[in-house]
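Engineer: prediction below, plus the sequence it came from.
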Amino acid sequence: MRTNNLTLHTDKYQINMMYAHWIHGTHRERAVFDVYFRKLPFGNGFAVCAGLERVTDYIQNLRFGEEELAFLAEQEEQYQPAFLEELRRFKFTGDLYAMPEGTLVFPGEPLIRVEAPVFEAQLIETAVLNFVNYQTLVATKAARIKQVAGQDSLLEFGTRRAQEADAAVWGARAAYIVGFDATSNLRAGMMFGIPAKGTHAHAWVQSHDSEEEAFLRYAEALPDQVTLLVDTYDTLRSGVPNAIRAARELEARGKRLQAIRLDSGDLTYLSVKARELLDAEGLPDVKILASNDLDENIILNLKAQGAKIDAWGIGTQLITAADQPALGGVYKLVARAKGDAYMPVIKISGNPEKVTTPGVKEVYRIINKQTGKAEADYIALKEETDVKEGKRIKLFDPTHPYIHKFVEDYEAALLLQPVFQSGELVAELPTLEQIRTYHRQQLALFWPEYLRKLNPASYPVDLSITAWELKRGLIEQHQV
Ligand SMILES: Nc1ncnc2c1ncn2[C@@H]1O[C@H](COP(=O)(O)OP(=O)(O)OP(=O)(O)O)[C@@H](O)[C@H]1O
Ligand SMILES: O=P(O)(O)OC[C@H]1O[C@H](OP(=O)(O)OP(=O)(O)O)[C@H](O)[C@@H]1O
Ligand SMILES: O=C(O)c1cccnc1
């Protein structure tokens, strides 16, 4: 590997567009881009916004170093040396607004708005989507797992199966945001302050002459509160009885066996039987941890079957978001500078979902003051004042405009917060603990029908009349 610099972590077409803008002298013209996704993953009723910390760090460190410039100079495009000099001076000077990490987010609403010289806004598209798509996807998957696990402990075990190293650590962080308790990845622990936890592998048992010896030696070496993996040979005939012997031995030394881990077989049957054995030996406090390709559906099933599992280790299915391995978040131009003002622009498509929503917009979460619950998200043009002033507004579904209602006793929470202004970081980023608390508060804002895992109700994301008319007008204008 030659570089840690992420400035060239972009698609070549961005640099080519930057070059063409520079050639024509339009590179300083301001442009506005929205980041949003069109479809919720996993059939879930919401997604959990994540990725902003990485985006912030990336933008602060955007610089074309000598290595990057030399590499660009070698490209078949033969960029002019003066362009490379322009890149040498590159720094992000724009504005970026973003929803805080942990926010519940929905299709069609901007999670991030970038207002910057087109030269800068174009460069960052690829990396911003890369970070936000992955982290939002994993946070959402983890939220589904957290929902079924309730108060049980959740350990993130995914690194060995993750799509490479960055995915492992940022995925561990995304899981922690929504309520996982710990990760097995020590680097994630060190980078983010996530509690790091670990049991032991089958290899530990296999590398001893007997399972009993392996357990005793492990318990002897490690401090209090060990977890023993009991399924290497025969869970009920050998693993659990040997763990019970180890627990006795530990007790004699003033230490405790914290848990046993089951990693194969019928987890309901084995956990019920193991619980009986442990309880019969006066060890009701020894917990049962399960792992083995678990996801939210298996956990829900195991619970319905009466499994006696207190803690869950989750790897592959979470870190790879196995049932839907990508979130299709996009970065779309919605306005560009024309003189002193922004001119809204649109992208038309035969598929109504793919028609972009033009203009510089804000997203407001409309919260009913009586119930304290979110009624809808309301996308209005930035200059609109009605919603800011708490005036009566019409909520209507842009794809079915006849479905509508008026609301007046509401609080409008402005979701896109300033993060960069004129290239300077203006937001104080929250700590991970603050993000976890905020995420829990977000969940409490929503009625359960939007949160349920299976066939959730669709939460309304509505356009203001002005934003809708702007969109309709531009569609008509472009119709031939
Ligand atoms: N009672 C259960 N109900 C539903 N799914 C279960 C139950 N017990 C285990 N599972 C899940 O079923 C799958 C079983 O995987 P698999 O067929 O590989 O068996 P295994 O026990 O892991 O075998 P191996 O000994 O090869 O590891 C895993 O995803 C596991 O989490
Ligand atoms: O099943 P996942 O959700 O992906 O969780 C991670 C898995 O990684 C380990 O297995 P592995 O076979 O890699 O190693 P081991 O020898 O320690 O069991 C562990 O035992 C889990 O089963
Ligand atoms: O600590 C563990 O038990 C662990 C860690 C990573 C993967 N599987 C299990």
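Structural biologist: It's in. Numbers count the residues shown, from 1 in each chain. Ligands and ions are numbered 1, 2, ... in the order given.

Engineer: enumerate every residue touching the residue in the chain that ligand 2 sits nearest to.
Structural biologist: Nearest to ligand 2 in the chain, going by CB to the nearest ligand atom, is Gly315, at a distance of 2.6 Å. All C-beta spots, glycine's among them, are computed from the backbone N, C-alpha and C. Shown in contact with Gly315 (CB atoms under 8 Å, 6 or more residues apart in numbering): 156-161, 291, 293.

Engineer: make a markdown table from those residues and add distance to Arg392 and neighbour count to it.
Structural biologist: Output for those, formatted as a markdown table (distance: CB to CB, whole Å; neighbours: other CB atoms under 10 Å):
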| residue | distance to Arg392 | neighbour count |
| --- | --- | --- |
| Glu156 | 46 | 31 |
| Phe157 | 51 | 24 |
| Gly158 | 48 | 24 |
| Thr159 | 52 | 21 |
| Arg160 | 55 | 11 |
| Arg161 | 52 | 16 |
| Ser291 | 53 | 20 |
| Asp293 | 52 | 13 |
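
Engineer: okay, these in JSON lines with distance to Glu67, secondary structure and pLDDT next?
Structural biologist: Formatted as JSON lines, the contacts of Gly315 follow (distance: CB to CB, whole Å; DSSP: H, G, I helix; E, B strand; the rest coil; pLDDT from 0 to 100):
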{"residue": "Glu156", "distance to Glu67": "34", "secondary structure": "strand", "pLDDT": "99"}
{"residue": "Phe157", "distance to Glu67": "36", "secondary structure": "coil", "pLDDT": "98"}
{"residue": "Gly158", "distance to Glu67": "32", "secondary structure": "coil", "pLDDT": "98"}
{"residue": "Thr159", "distance to Glu67": "29", "secondary structure": "helix", "pLDDT": "98"}
{"residue": "Arg160", "distance to Glu67": "31", "secondary structure": "helix", "pLDDT": "98"}
{"residue": "Arg161", "distance to Glu67": "32", "secondary structure": "helix", "pLDDT": "98"}
{"residue": "Ser291", "distance to Glu67": "42", "secondary structure": "coil", "pLDDT": "98"}
{"residue": "Asp293", "distance to Glu67": "41", "secondary structure": "coil", "pLDDT": "98"}
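
Engineer: of all the residues you listed, which two lie farthest apart?
Structural biologist: Spanning the widest gap among these are Thr159 and Asp293, at 15.2 Å by CB to CB.

Engineer: now the strands for the stretch 301-450 of the chain?
Structural biologist: For the stretch 301-450 of the chain, the strands defined by DSSP state E, counting those that start in this stretch cover 311-314, 330-338, 341-344, 361-368, 374-381, 393-397, 400-407, 410-414, 417-421, 424-425.

Engineer: most tightly packed of those?
Structural biologist: Of those, the one with the most neighbours on average (mean count of other CB atoms under 10 Å) is strand 311-314, at a mean of 24.

Engineer: how about that one as CSV, C-alpha atoms only?
Structural biologist: Listed next in CSV are the C-alpha coordinates belonging to strand 311-314 (Å, rounded to 0.1, in the frame of the first residue of the first chain):
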residue,chain,number,x,y,z
ALA,A,311,-26.4,-12.9,24.9
TRP,A,312,-25.8,-13.1,21.2
GLY,A,313,-22.6,-13.0,19.1
ILE,A,314,-23.4,-11.7,15.6
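
Engineer: check the offset of that strand from the chain's centre.
Structural biologist: Distance, stretch centre to chain centre, for strand 311-314: 19 Å (CA atoms, centre = their mean, to the nearest Å).

Engineer: quickly check: that strand near ligand 1 or not.
Structural biologist: No - using CB under 6 Å from any ligand atom, strand 311-314 stays clear of ligand 1, coming no nearer than 9.9 Å.

Engineer: how close does Lys287 get to ligand 1?
Structural biologist: Lys287 sits 18 Å away from ligand 1, going by CB to the nearest ligand atom, to the nearest Å.

Engineer: gap between that residue and Gln75?
Structural biologist: Using CB to CB, to the nearest Å, Lys287 is found at 57 Å from Gln75.

Engineer: what does Gly328 give?
Structural biologist: Counting by CB to CB, the gap from Gly328 to Gln75 is 29 Å.

Engineer: again with His208
Structural biologist: Distance of His208 to Gln75, given as CB to CB: 57 Å.

Engineer: who has more neighbours, those two?
Structural biologist: Legend: neighbour count by other CB atoms under 10 Å for His208 and Gln75, higher for His208 (15 against 12).
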